[in-house]
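Participant: Need a 3D model of the sequence below.
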Amino acid sequence: MSNPHPMAAAPELARLTDEVLFGHIWERPQLGKRDRSLITVAALMAMGRGEQLPIHFAKALENGITHEELAELVTHLAFYAGWPAAHSALLRLPPEADAAGRER
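Facilitator: Numbering: from 1, shown residues only. Alright, predicted model coming up:
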């Protein structure tokens with residue numbers, strides 16, 4: 001038996017997430033998606049919201065942030081958010097892939 005997506009329990013929250021957060025806020029021209037991804041990953045890491053990091057690491061990679069930049073972000077934030085937050089974030093950072101898509 002598979003578990004339903006958590007948003008299934010709150011369809012209005014799912015709609016607002018899609019329409020307002022990702023449909024409006026992420027599309028505002030004042031900040032690019034790359035910048036929004038850096039800000040979001042930094043905020044989630046600093047707040048200890050590690051369960052959200054895999055989604056936003058993937059979005060950051062889609063938005064042009066490199067694996068090396070994400071690792072540097074985590075390293076930099078270790079001094080501001082703490083070593084445990086950095087270590088927890090690194091546990092969720094997907095492995096870097098080479099040009100052929102193989103994990104390094």
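Participant: Number of residues surrounding L91?
Facilitator: 10 (other CB atoms under 10 Å). For the C-beta atoms, the positions are set from N, CA and C on the backbone; glycine is no exception.
Participant: and the host helix or strand of L90, how far out from the chain's middle?
Facilitator: With elements taken from DSSP states H and E, the one containing L90 is helix 83-92. Chain-centre distance of helix 83-92: 13 Å, with CA atoms, centre = their mean, to the nearest Å.
Participant: can you tell me the distance between the two ends of stretch 10-26?
Facilitator: From its first residue to its last, stretch 10-26 covers 21 Å (CA to CA, to the nearest Å).
Participant: now the angle between helix 83-92 and the helix or strand containing P54, please.
Facilitator: Here P54, judged by DSSP H and E, is contained in helix 53-62. Counting by axes from the mean of the first three to the mean of the last three CA atoms, to 10 degrees, helix 53-62 lies at 70 degrees to helix 83-92.
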